[in-house]
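Chemist: any chance you could fold what I've pasted below:
(2 chains)
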Amino acid sequence: MPSSAEVPVPEVRESRGAGLQRWNRRLHSYVGLYFLFFLWLFALTGLLLNHSEWSFAEFWPQRKVSTWEQSLQAPPAGSPIEEAKHLLAQLRLPGEIEWLAVAADPSRLVFRVVRPGLNHEVKYDRALARASIQRTEVNAWGVTRVLHTFTGVRVGDSRNQRDWIVTTAWVLAMDALAVGLIALVAGGLWLWWGDPRKRRSGLTVLGCGLLVCGAFIWGLRWFGAA
Amino acid sequence: MDAPRTLRGMVRDLHLYVGLFLSPFVLVFAVSVFFLAHAWLPGGGERSPVRTVADVPIPEGFERLKGREQVLAARAILEHLGVGGEIGFVRYQPRERRISLPLSYPGRETTVELDLATRVARISSRPTGTADALVYLHKMPGPHNVAIRGNTTFMRVWRGLADATVYLLLFLSLSGVYLWALVRAERRAGLLMLLAGAGTMGGLIYAVVG
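Modeler: Numbering: from 1, shown residues only, chains lettered A, B, ... in the order given. Purely as a prediction, here's the structure:
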């Protein structure tokens, strides 16, 4: 039996690299499996958002609208968001608060509370301590579409901030999926590079993808210079 | 049961090459999530000085046209002005007799204002940056202004690429599941990850939807 001094060092290095690749492949596999259903949800809902003409996924014409009025205890003086939360607690309506247009009449508080599939528009009259509520409910297609974009914020809209903890949890899930996808790409690239037989062909395919994508991200803007 | 080596090899190669081609597109959609979910758009530049063009040939009754017809007529005007981009929408202000046309390429937005009375066009553009370009590509073609969306060649091509990304991602996920299932030693751990992911998603959807 050879002594430990006779074990060639390159073999140790090769097995470490192979070990790392094995873990990388497992990670690639496990991350992909964990996010599988998230990926399907966002991919398919993205397809629905890009194809509003698909009649089988119609949701707006089938919406159910109902309205009612309700007397509510006047909220204590505070910021509009605090007042809205107080009213919503009385109405037992959880969701993300959305401010619509700035109310011209300070005696009224007008806002919407949103969750995927269910919107309530609340118009509260401070003088009468009475609210008019319009409820809009959509079908499962409508729910899935909103799940894709439900973040509580919009670029360029400083009036609306995320104010529901469940929205924050959903946004964290979106972030996690994005990180997972980036990890899958990075791990996949490392797996590919670890196989010298596939490097040339892989480089060609990757190069094509980069070229097409890069043309859209950076190439088109030069056409638009006024 | 062992899958035939040729099928396993074919699926593995397809998974690899489709994944390699798709990876830049996946990164576009993934990276733009951070900007969209947190309403944060770094980058962008200053608006260019306004360029004025007189005697613009605006067809009679242009403001009364609708949808695709109006966009086609607008395209002819824009060609005369030497500007391009996907027309976002056409806004007519009847009191001022003015039409506003925002045009976009990923990373650049141009605004054209047409004065119908004087037939003068005012044009200015602004570089919006790479982050905005990624967000724009993520959102396009989108569910808004469907009647006029795809009024440029690049948008029609991107619509196809966005669809292809989804279909190829579905293929990648299914082929990935197949390749995982072939490795007996990893089935248990993989199944746990699958169930954990499904449980997490199910719980979150239940909390959000109610």
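Chemist: show me the helices in chain A, by range?
Modeler: Along chain A, counting by DSSP state H, helices occupy A:9-34, A:36-50, A:80-91, A:140-149, A:165-193, A:199-214.
Chemist: and the longest helix for chain B?
Modeler: Chain B, longest helix under DSSP H: helix B:5-37.
Chemist: please say whether there is contact between it and chain A.
Modeler: Yes - Helix B:5-37 lies within reach of chain A by C-beta under 8 Å from any C-beta of the partner chain, at B:13, B:16-17, B:19-31, B:33-37. For every residue, glycine as well, the C-beta is placed using N, CA and C.
Chemist: and A:Asp125, bridged to which residues?
Modeler: A:Asp125 has these beta-bridge partners by DSSP bridges: A:Arg108, A:Arg130.
Chemist: do the same with B:Thr111
Modeler: B:Pro102, B:Ser124.
Chemist: from B:Glu86, how far off is it?
Modeler: Remark: distance between B:Thr111 and B:Glu86 (C-beta to C-beta, to the nearest Å) = 13 Å.
Chemist: what about A:Leu20, neighbour count?
Modeler: 12 (other C-beta atoms under 10 Å in any protein chain shown).
Chemist: grab the most central residue of chain A for me.
Modeler: By C-alpha atoms, centre = their mean, chain A has its centre lying nearest to A:Met174, at 4.1 Å.
Chemist: so who does it touch?
Modeler: A:Phe42, A:Thr151, B:Val33, B:Ala37 (C-beta atoms under 8 Å, 6 or more residues apart in numbering or on different chains).
Chemist: give the buried subset of those residues as a PyMOL selection command.
Modeler: Provided next is the PyMOL selection string for whichever of these are buried by 16 or more other C-beta atoms under 10 Å in any protein chain shown:
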select buried, (chain A and resi 42+151) or (chain B and resi 33+37)
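Chemist: surely A:Phe184 and A:His28 touch.
Modeler: Heads up, residue A:184 is Leu, not Phe. Yes - A:Leu184 is within contact range of A:His28, at 6.2 Å (criterion: C-beta atoms under 8 Å).
Chemist: ok, the next helix or strand after the longest helix of chain B: who's next to it in the sheet?
Modeler: Toward the C-terminus, helix B:5-37 is succeeded by strand B:51-53 as the next helix or strand (DSSP states H and E). Strand B:51-53 has these partner strands in its sheet, going by DSSP bridges: strand B:120-127 (antiparallel).
Chemist: quick one: distance of the strand it pairs with to the chain centre.
Modeler: Mean C-alpha position of strand B:120-127 versus that of the full chain (C-alpha atoms, centre = their mean, to the nearest Å) differs by 23 Å.
Chemist: need the contact list for B:Val50.
Modeler: B:Arg122, B:Ile123, B:Ser124.
Chemist: is it possible to get CSV of the residues you listed that adds distance to A:Ala84?
Modeler: Converted to CSV, the contacts of B:Val50 look like this (distance: C-beta to C-beta, whole Å):
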residue, distance to A:Ala84
B:Arg122, 41
B:Ile123, 42
B:Ser124, 39
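Chemist: most surrounded residue in these?
Modeler: Busiest of the contacts of B:Val50 [other C-beta under 10 Å] is B:Ile123, holding 22 neighbours.
Chemist: need the contact list for it.
Modeler: Taking C-beta under 8 Å, 6+ apart as the test, what B:Ile123 contacts is A:Ala226, B:Val50, B:Arg51, B:Thr52, B:Val53, B:Leu81, B:Val83, B:Thr110, B:Thr111, B:Val112, B:Glu113.
Chemist: how near is the third one to B:Pro106?
Modeler: Shown here: B:Arg51 relative to B:Pro106, a distance of 22 Å by C-beta to C-beta.
Chemist: swap in B:Ile77?
Modeler: 23 Å.
Chemist: and these two? which has more neighbours close in?
Modeler: A direct count of neighbours by other C-beta under 10 Å for B:Ile77 and B:Pro106 places B:Pro106 higher, at 27 against 20.
Chemist: so for the nearest residue to the more buried one once chain neighbours are set aside, what's the pLDDT?
Modeler: Leaving out its chain neighbours, the residue that sits closest to B:Pro106 by C-beta to C-beta, 6 or more residues apart in numbering or on different chains is B:Ala133, at 3.7 Å. For B:Ala133, the model assigns a pLDDT of 97.
Chemist: how many other residues sit next to B:Ala133?
Modeler: For B:Ala133, using other C-beta under 10 Å, the count is 24.
Chemist: so where's the chain uncertain?
Modeler: I went with chain A, as the question did not name one. Across chain A, the ranges flagged by pLDDT under 70 are A:1-14, A:101-104, A:224-226.
Chemist: try chain B instead
Modeler: B:1-4.
Chemist: would you say B:Leu172 is within a helix?
Modeler: Yes - looking at B:Leu172 with DSSP: H, G, I helix; E, B strand; the rest coil, it is inside a helix.
Chemist: what is the one helix or strand B:Ser175 maps to packed up against?
Modeler: Using DSSP H and E, B:Ser175 maps to helix B:153-181. Helices and strands touching helix B:153-181, by 3 or more C-beta pairs under 8 Å, 6 or more residues apart in numbering or on different chains; DSSP states H and E, are helix A:9-34, helix A:36-50, helix B:5-37, helix B:187-209.
Chemist: can you redo these as a markdown table with distance to A:Leu88?
Modeler: Listed next are the helices and strands packed on helix B:153-181 as a markdown table, based on distance: least, C-beta to C-beta, whole Å:
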| stretch | distance to A:Leu88 |
| --- | --- |
| helix A:9-34 | 34 |
| helix A:36-50 | 27 |
| helix B:5-37 | 24 |
| helix B:187-209 | 16 |
